[in-house]
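Asks: Attaching a predicted model along with its sequence, questions to come.
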Amino acid sequence: MSKKRNVILSIVLVFLCLFSMISCSGQGGPQNQENLNEMELEVGIYNGGYGESWLYMAKEAFESVYPEYKINIRPSKSFYMTDLLSSIDINAQDVYFAPIRYMEFVSQGKLKPISEDTMNKPLSEILRGSTETKSIAEKISDEMNDYYKTDSGYYAIPFGGSVYGINYSIDVFENSNLYIGSASTADRIEWVGASGEKSLGQDGLPDTYDDGLPVTWGEFQKLMDRMVESGIIPFTWANRSAGMTPNSLMSLMVSNEGADNFKILTDFSGEYTFAGDESPTRITKEKGYLLQGMSGKKFALDFTEKIVRGNYKDGQAGLHSYMDAQTYFISKLDDENPIAMLLEGGHWHNEAKAEITTQRFGVMPFPKFEGSAMYNESRSTYYGSSMNGAVFMSQKTKKQELAELFIAFTCSEDMLRLCTRESGMVRPYDYELQKSDLEAMPEFYQTCWEACHSDRVDVVTFMTKTDMVYQNLSYFEEEWPWDYTKNGASYSDPLNDFLGNRSLTADTYWSGLKEYSSKSRWDAKFSEWY
């Protein structure tokens, strides 16, 4: 009996302890747990090029200002485009920082609209201790504001990105005198290094990120020849599956077409003068197929043919995954025959930062071809890298107030600076880096920041409200640039296609693009929009 009484006593004591714990919690166990959950925000971020270390730092800053809340961050490769579209309704995350096709997510009801107060009130009226007088909507760049603001408000705001340019080793250029000197003439280039006085570059301005870099295709060819003569390998790049080189060549195309001509492509409204024509052609949606004949595409293919057929490349070009290509490029810099340039997006440096020690890099504008729309213009145009990233709430979140507070916090001046300083991402908002930020950043981040903020630079994307484009965004971003099929062979990545097909030329590739994008094929795909 004593054993039985001891067991009963033990059970009673357990219940008394449980009752005591519940009573001490103040509002009862289940209700208190629910309140705790309401004070936690689940945040997802695409685990890609720009990483998430900055977001963990933003989380710490937020929790120091709002200690009553907790931010739980989950990075994942699955938070991306169609993968996220199919999983967002069952995921636990309330807020995302991720690449999406915005209009597709909106049309399918996946996003919760951001309240007008959060978008339009000064941040000083939203954030604890803030003195910022601008609202989020006022801070977003005009181009991005036009895109993200719908008739029913904002369902997301832009995240940020960088540019596709030529990524080059500053150390190799300085040590081997590969910069163009200020005393150069059209007939004779004076090559200088770290201590020499450099030419003005494409923007025509002194003391900017492109000083000493080639402006024209003619200068660029002379640069590559000088590299080869000095035992330096001009280029390397990743394999076809990485998908980086098609976008790099798009940047070369738009460098020669300029933002105004690219807008004709995204709006299908305007006039374009094709090579050999004396008068411009009026472009409409119905005539969009003609734009495969834009001169910039031919220039990009001429560049490709020269690089591959002229052997201005490393023997491993096109063989590595994008991460391995980055590592290989960095590892070769101290070799007797270093590689000078990598074709990649502006996110590559952050991806490769574990491999980078003291090496320095910069971003270079693509060269302009004689006869191009931009040949005599003192400005550069880049194709945007990762610009489809967005910040948004899941439609199913029940924590909208906290979610919007955190989103607003990441749009504050300090957090915008933090993101750029730590990741190299340039966010399309009105903010300025301080001297201390720039000094803490790698030179590559500095050059990308300067390029994106120069008043002589345009950054273009396919992010438009033209219905035919945004409802077929995957086609325009992934297929339109370089895809065509002929005689059973498929092409989509010129640099790697030229590597794999020795008989392929710029002329045959360009002819294939125009032939494949016929009026009948265009009509079959797009006629419902005109």
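Replies: Happy to help now that I have it. Residues are numbered from 1 along each chain as shown.

Asks: what separates residue 298 from residue 308, distance-wise?
Replies: Remark: distance between residue 298 and residue 308 (Cβ to Cβ, to the nearest Å) = 16 Å. Where C-beta positions appear, they are placed from N, C-alpha and C, glycine not excepted.

Asks: Tell me which residues of stretch 389-400 come out buried.
Replies: For stretch 389-400, burial by neighbour count (16 or more other Cβ atoms under 10 Å) applies to 389, 390, 391, 392, 393, 394, 397, 399, 400.

Asks: hang on, the second one packs against residue 102?
Replies: Yes - with contact defined as Cβ atoms under 8 Å, residue 390 reaches residue 102; the gap is 6.0 Å.

Asks: what sits in contact with each of the two?
Replies: Common neighbours of residue 390 and residue 102, using Cβ atoms under 8 Å, 6 or more residues apart in numbering, are 148, 156.

Asks: can you count the residues close to residue 159?
Replies: The number of residues packed near residue 159 is 26, by other Cβ atoms under 10 Å.

Asks: check contacts around the nearest residue to residue 471 once chain neighbours are set aside.
Replies: Distances taken as Cβ to Cβ, 6 or more residues apart in numbering put residue 103 closest to residue 471, at 7.1 Å, once the chain neighbours are dropped. If you count contacts by Cβ under 8 Å, 6+ apart, residue 103 has them with 465, 470, 471, 473.

Asks: where do the helices sit along the stretch 251-400 of the chain?
Replies: Secondary structure of the stretch 251-400 of the chain (DSSP state H, counting those that start in this stretch): helices at 295-309, 322-331, 348-351, 400-410.

Asks: What helices and strands are in contact with the third one?
Replies: Helix 348-351 sits against helix 322-331, with contacts defined as 3 or more Cβ pairs under 8 Å, 6 or more residues apart in numbering; DSSP states H and E.

Asks: buried stuff in the helix it packs on?
Replies: Neighbour count says helix 322-331 has 322, 325, 326, 327, 328, 329, 330 buried, by 16+ other Cβ under 10 Å.

Asks: cool, and stretch 119-127?
Replies: 119, 121, 123, 126, 127.

Asks: Is the first one in contact with residue 156, as I believe?
Replies: No - counting by Cβ under 8 Å, residue 119 sits too far from residue 156 to count as a contact (11.0 Å).

Asks: got the contact list for the residue nearest to residue 384 when sequence neighbours are not counted?
Replies: Excluding its sequence neighbours, the residue lying closest to residue 384 (Cβ to Cβ, 6+ apart) is residue 461, at 4.2 Å. Listed by Cβ under 8 Å, 6+ apart, the contact partners of residue 461 are 383, 384, 387, 388.

Asks: likewise residue 181?
Replies: Counting by Cβ under 8 Å, 6+ apart, residue 181 makes contact with 189, 190, 191, 192, 196, 197, 198, 199, 212.

Asks: One more: residue 477?
Replies: Residues in contact with residue 477 (Cβ under 8 Å, 6+ apart) are residue 462.

Asks: State the distance from it to residue 104.
Replies: With Cβ to Cβ as the criterion, residue 477 and residue 104 are 12 Å apart.

Asks: again, but for residue 503
Replies: 40 Å.

Asks: These two: who's more crowded?
Replies: The neighbour comparison of residue 503 against residue 104 (other Cβ under 10 Å) goes to residue 104, with 16 against 6.

Asks: How about the more buried one, nearest residue that isn't a chain neighbour?
Replies: Distance criterion Cβ to Cβ, 6+ apart; nearest residue to residue 104, sequence neighbours excluded, is residue 85 at 6.8 Å.

Asks: Correct me if wrong: that neighbour contacts residue 100.
Replies: Yes - in this structure, residue 85 is within contact of residue 100 by Cβ under 8 Å, at 7.4 Å.

Asks: Measure how buried residue 39 is and give me the count.
Replies: A total of 12 residues lie near residue 39 under the criterion other Cβ under 10 Å.

Asks: who are the neighbours in contact with the closest residue to it other than its chain neighbours?
Replies: Of all residues not flanking residue 39 in the chain, residue 69 sits nearest, at 5.3 Å (Cβ to Cβ, 6+ apart). Residues in contact with residue 69, defined by Cβ under 8 Å, 6+ apart, are 39, 40, 41, 62, 63, 402.
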